[in-house]
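Chemist: Let's see this in three dimensions:
(chains A and B)
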There are 2 protein chains.
Amino acid sequence: MAKRVRVRSATYILRPVGVIRSALKSRKNAPRQGSEGAPDAWLDVRPWASEGLHLLSPGDEILVITWFHRAKRDVLKVRPRSDPRNPITGVFATRSPDRPNPLGLHPVVVRAIDGNRLRVGPIEAIDGTPVVDIKPVLEPPGKC
Amino acid sequence: MAKRVRVRSATYILRPVGVIRSALKSRKNAPRQGSEGAPDAWLDVRPWASEGLHLLSPGDEILVITWFHRAKRDVLKVRPRSDPRNPITGVFATRSPDRPNPLGLHPVVVRAIDGNRLRVGPIEAIDGTPVVDIKPVLEPPGKC
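Modeler: The predicted structure is shown next:
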């Protein structure tokens, strides 16, 4: 019988490159998606990472990747949108913020750039949400 | 004069939920995007996370979020696609795998599901790439 090899499970450390500064102060009041009436917000990039913004311009479509610091990481199944009419669903088939690695994806438009601050929106992330990456949106065939 | 408040910079720990098993064995041979001739691959989900797949089905469009474990994390500017004709650009305006938090976004189709293994593609991630999250693709107005 083949011996089962135990794979070492490494972990990786995320170091935030910025933070969201928003009028949205709590998860309860935040829309579930940016397209559902979310406001614009500031994305303050840390001084050490600000060189990474070079050639980004107002009007660019970007994906802001956040870390949902208030999420529950031990949740594997949810009712999507907390709606009792929805069936219990694995978190990988939903956009629930509660998931093992609570990364958030926010497609936004860069409204303005002021030094190492970007005005972006619409974005449903609450004030204080750490930003871990920023990427340009790619057009199809890859949807993003 | 206002006093500058030093913000504590927290870090966050990612725990991989799975791994890519692919015929692509090195970064050198990998296409730059899935749409550029990449193969299908297996996404092996860790047993502890496999409940998170509940209700995911063949044919679903998903975003696989990987950790580019071979990337350089101290790079803030690159020439996109390593093409000397492209101007030096901040990494946040590119899809370079080299960046402070080397997260990869891969829009793929679920071809088949076999227990806690998903057949997905096309995907340019190399063999052994850790997977940190899986999300369904949302349709516009949010592009992803």
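
Chemist: switch to C-alpha atoms for all contacts and neighbour counts from now on
Modeler: Noted.

Chemist: which residues of chain A fall in strands?
Modeler: Listed in chain order, the strands of chain A (DSSP state E) span A:12-14, A:18-21, A:41-45, A:61-67, A:77-78, A:89-90, A:103-114, A:117-121, A:130-136.

Chemist: Residue A:83: neighbouring residues, count only.
Modeler: Burial measure for residue A:83: 10 neighbouring residues, criterion other C-alpha atoms under 10 Å in any protein chain shown.

Chemist: Among the strands of chain A, which comes closest to chain B?
Modeler: strand A:89-90 (3.9 Å; C-alpha to the nearest C-alpha).

Chemist: Let me see the contact set for residue A:120.
Modeler: A:40-43, A:108-112 (C-alpha atoms under 8 Å, 6 or more residues apart in numbering or on different chains).

Chemist: Make TSV out of the residues you listed and add distance to residue A:26, neighbour count and pLDDT.
Modeler: Shown next, in TSV, are the contacts of residue A:120 (distance: C-alpha to C-alpha, whole Å; neighbours: other C-alpha atoms under 10 Å in any protein chain shown; pLDDT from 0 to 100):
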residue	distance to residue A:26	neighbour count	pLDDT
A:40	15	22	97
A:41	14	22	98
A:42	16	22	98
A:43	17	26	98
A:108	20	24	97
A:109	23	22	98
A:110	23	22	98
A:111	23	18	98
A:112	25	15	98
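
Chemist: give me the subset of these touching chain B.
Modeler: For chain B, no contacts are drawn from these by C-alpha under 8 Å from any C-alpha of the partner chain.

Chemist: hmm, back to that, what's the closest of the strands of chain A to residue B:59?
Modeler: strand A:89-90 (16.4 Å; C-alpha to C-alpha).

Chemist: The closest one vs chain B: in contact?
Modeler: Yes. Contact of strand A:89-90 with chain B is found when judged by C-alpha under 8 Å from any C-alpha, involving A:89-90.

Chemist: Let me see the mean pLDDT of that strand.
Modeler: The pLDDT scores in strand A:89-90 average 97.

Chemist: Which residues outside that strand are in contact with it?
Modeler: Outside strand A:89-90, the residues touching it (C-alpha under 8 Å, 6+ apart) are A:76-80, B:51-56.

Chemist: Now for those residues: which two are most distant?
Modeler: A:80 and B:51 (15.0 Å).

Chemist: Quickly name whichever of the contacts of residue A:120 is closest to residue B:71.
Modeler: Closest approach to residue B:71 among these (C-alpha to C-alpha): residue A:43, at 24.6 Å.

Chemist: OK, contacts around that closest one?
Modeler: A:18-21, A:117-120, A:131.

Chemist: now with 10 Å?
Modeler: Contacts for residue A:43 (C-alpha atoms under 10 Å, 6 or more residues apart in numbering or on different chains) come out as A:17-22, A:64, A:110, A:113, A:116-121, A:127-131.

Chemist: picking that back up, list only those of the contacts of strand A:89-90 flagged as buried.
Modeler: The neighbour count (16 or more other C-alpha atoms under 10 Å in any protein chain shown) marks A:76-80, B:51-54, B:56 as buried among those.
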